[in-house]
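K.L.:
Sequence first, predicted coordinates after that:
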Amino acid sequence: QTWLVRNLAPLADCFVCEAFAAAHRYSPSLVGFAEVLPAFGGRLLIEEFGALSRVKETPKHPCVYVLGGARIADAFSMMEQVLGTGAADRVLTCGLNGEVMLLAKGYHLGAASERLIDDKGLTPFIERARDLLQRYGDKIIYPEDVVVDEGGRRQLPLSELPTERLIVDVGEKTVTRYISEINAAATIFVNGPAGIYENPIAAWGTERLWNAIADAPGYSVIGGGDSVAAGAKFKVLERMGYVCTSGGGMVRFLSGQELPVITALR
């Protein structure tokens, strides 16, 4: 037992943890008290655990994952888990995740976009993307057109790649295809925006998709800092089925990894 647990535990009757967002951490303040006190999950932790369990373990099908943003490692760990277990019927890729898929399919994006991917250390994921596409090619959907910023939005079909400009969003054809998948889904999970949503020129794809998810008849769960921030910006969070408070804990849970806090409480 640490000094913290030894000194505080005698003052308490029980330990209640509300921090699902920190459930992937192994700090004494999170897991130590459960060894010496009756321990419980608080209401928020139970709600979040239940919502994510519903998406991961008992989703109604078809189940669609929308995975974008720049945190490719998170997206890939979730894809490998939910496609491998059959939890997801479709994964709609966008953001840098979608661009890596395009590279894996043999498209050349252009120097600006490929340099950004390399600078972020994401080049090794191209080979992993090829492997995923080979195993689950019919379940992984990638963009059909992209947008560059030329002082305004310019849409480019894949046939016009590579482009000298940085890719900042997905195009109208992609959004239309993705919305049709979202509307047909019984369960929808979203993590990672479709483009640089902070830029008005590049926000259209994320705004359209987030509104479609909020209005879709299926049960929707949104999580991750950028995803929730985008949802707040576009005023759709109150229409989502569930809004997660967690980022790292959510990703690890959906990737099939152990969460020390959940293990301690059990």
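P.N.:
Yep, it's here.
K.L.:
can you pull out the strands in this structure?
P.N.:
Shown for the chain, the strands assigned by DSSP state E span residues 15-17, 39-41, 63-67, 90-93, 140-141, 145-149, 153-157, 167-170, 187-191, 219-222, 242-243.
K.L.:
nearest to residue 128, of these?
P.N.:
Nearest to residue 128 among the strands of the chain is strand 140-141 (11.9 Å), distances taken as C-beta to C-beta. For the C-beta atoms, the positions are set from N, CA and C on the backbone; glycine is no exception.
K.L.:
Name the spans of this structure whose pLDDT lies under the cut-off.
P.N.:
Counting by pLDDT under 70, the chain has low-confidence residues at 1.
K.L.:
which residues in it form helices?
P.N.:
Along the chain, the stretches classed as helices by DSSP state H are 3-8, 28-31, 43-56, 72-85, 95-104, 111-119, 125-136, 172-184, 204-215, 225-233, 248-254, 260-265.
K.L.:
Tell me which of those sits most buried.
P.N.:
Highest mean neighbour count of these: helix 95-104, a mean of 25 (counted as mean count of other C-beta atoms under 10 Å).
K.L.:
quick one: contacts of that helix?
P.N.:
67-70, 72, 75-76, 93, 109, 113-114, 116-117, 120, 122, 125-127, 129-130, 133, 140, 142-143, 146, 158, 161, 167, 170, 192-195 (C-beta atoms under 8 Å, 6 or more residues apart in numbering).
K.L.:
repeat for stretch 197-209
P.N.:
Contacts of stretch 197-209 (C-beta under 8 Å, 6+ apart): 66, 68, 94, 147, 149, 152-153, 168-171, 174-175, 178-179, 182, 190, 193-196, 226, 230, 233-234.
K.L.:
swap the cut-off to 7 Å and go again
P.N.:
For stretch 197-209, the external contacting residues (C-beta atoms under 7 Å, 6 or more residues apart in numbering) are 66, 94, 147, 149, 152-153, 168-170, 175, 178, 193-196, 230, 233-234.
K.L.:
Could you measure from residue 69 over to residue 21?
P.N.:
Using C-beta to C-beta, to the nearest Å, we find residue 69 at a distance of 17 Å from residue 21.
K.L.:
wait, I meant residue 264
P.N.:
As defined by C-beta to C-beta, residue 264 lies at a distance of 16 Å from residue 21.
K.L.:
what about the closest residue to residue 21 other than its chain neighbours, how many neighbours?
P.N.:
Distances taken as C-beta to C-beta, 6 or more residues apart in numbering put residue 246 closest to residue 21, at 3.7 Å, once the chain neighbours are dropped. Residue 246: 24 surrounding residues under other C-beta atoms under 10 Å.
K.L.:
Right, I'll leave it there.
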